[in-house]
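Engineer: heads up, no residue letters with this:
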Ligand code: SF4
């Protein structure tokens, strides 16, 4: 709360909505959660706010460093370039998967599968299917949905992509990155290639648990 107030005090306080949020307070909350970049507040570009902007950058960057120090894989102790949070209002990062099962994936199905290369069985809800590829929200095993609906076993699935919000330094499109999806039950750093970047919203393809480097 204290940090939120500090950020709020340093924002222009115009509540003009240019940033896409109704008020500076909402913008401050989004900044705290890593859902938006500071440059969305165009008012801060004015000379009179230069000092405030610099203080805000320091404040946010120091927060990121604290966060980043927590983004070390629990299994191999590798350090991630950033962590990937869910898109706003969503329950996990989106995983795009391809299934080898003869069963057809459909929207709203609850499924159970083991991602290729990962020892953990995932529980998920299918949120869309496009050309045979399904986007899912991961719901378990640590937080399975409380429902009587049947959970369909899909066997081994290949995870092609993740979509989420980057918390940390933004990479370039095309860059190979190490990242920690915040819903990963193992706290395992993943690797992939950034193929889309819109502000801090990213799609990362070629997901792999092999990251070819050890930080220890
Ligand atoms: S653009 Fe800046 S001044 Fe305007 S509401 Fe957003 S944070 Fe406040």
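Structural biologist: Okay, I see it. Everything numeric here is computed off the predicted structure, so don't read it as measured data.

Engineer: hey, let's count contacts and neighbours off CA atoms from now on
Structural biologist: OK.

Engineer: Would you mind listing what in the chain touches the ligand?
Structural biologist: 11-19, 21, 23-24, 27, 41-43 (C-alpha under 6 Å from any ligand atom).

Engineer: which of the residues you listed are buried?
Structural biologist: Those of these that meet the buried threshold are 11, 12, 19, 21, 24, 27, 41, 43, by 16 or more other C-alpha atoms under 10 Å.

Engineer: Quick check: closest non-adjacent residue to the last one.
Structural biologist: If the residues on either side of it in the chain are set aside, residue 43 comes closest to residue 12, at 7.0 Å by C-alpha to C-alpha, 6 or more residues apart in numbering.

Engineer: Also the fourth one?
Structural biologist: Spatial nearest neighbour of residue 21, excluding adjacent residues (C-alpha to C-alpha, 6+ apart): residue 27 at 5.7 Å.

Engineer: OK, contacts around the one you found?
Structural biologist: Contact analysis of residue 27 by C-alpha atoms under 8 Å, 6 or more residues apart in numbering lists 19, 21, 36.

Engineer: With residue 55 instead?
Structural biologist: Each residue near residue 55 by C-alpha under 8 Å, 6+ apart is listed here: residue 10.

Engineer: would you list the contacts of residue 27 in JSON lines and tack on distance to residue 82?
Structural biologist: Converted to JSON lines, the contacts of residue 27 look like this (distance: C-alpha to C-alpha, whole Å):
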{"residue": "19", "distance to residue 82": "23"}
{"residue": "21", "distance to residue 82": "25"}
{"residue": "36", "distance to residue 82": "15"}
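
Engineer: thinking again about what came up before, restricted to helices, list the buried ones among the residues of the chain next to the ligand.
Structural biologist: 24, 27 (DSSP state H).

Engineer: Among the buried ones among the residues of the chain next to the ligand, which one lies nearest to residue 197?
Structural biologist: Using C-alpha to C-alpha, residue 19 is the member of those that sits closest to residue 197, with 18.1 Å.
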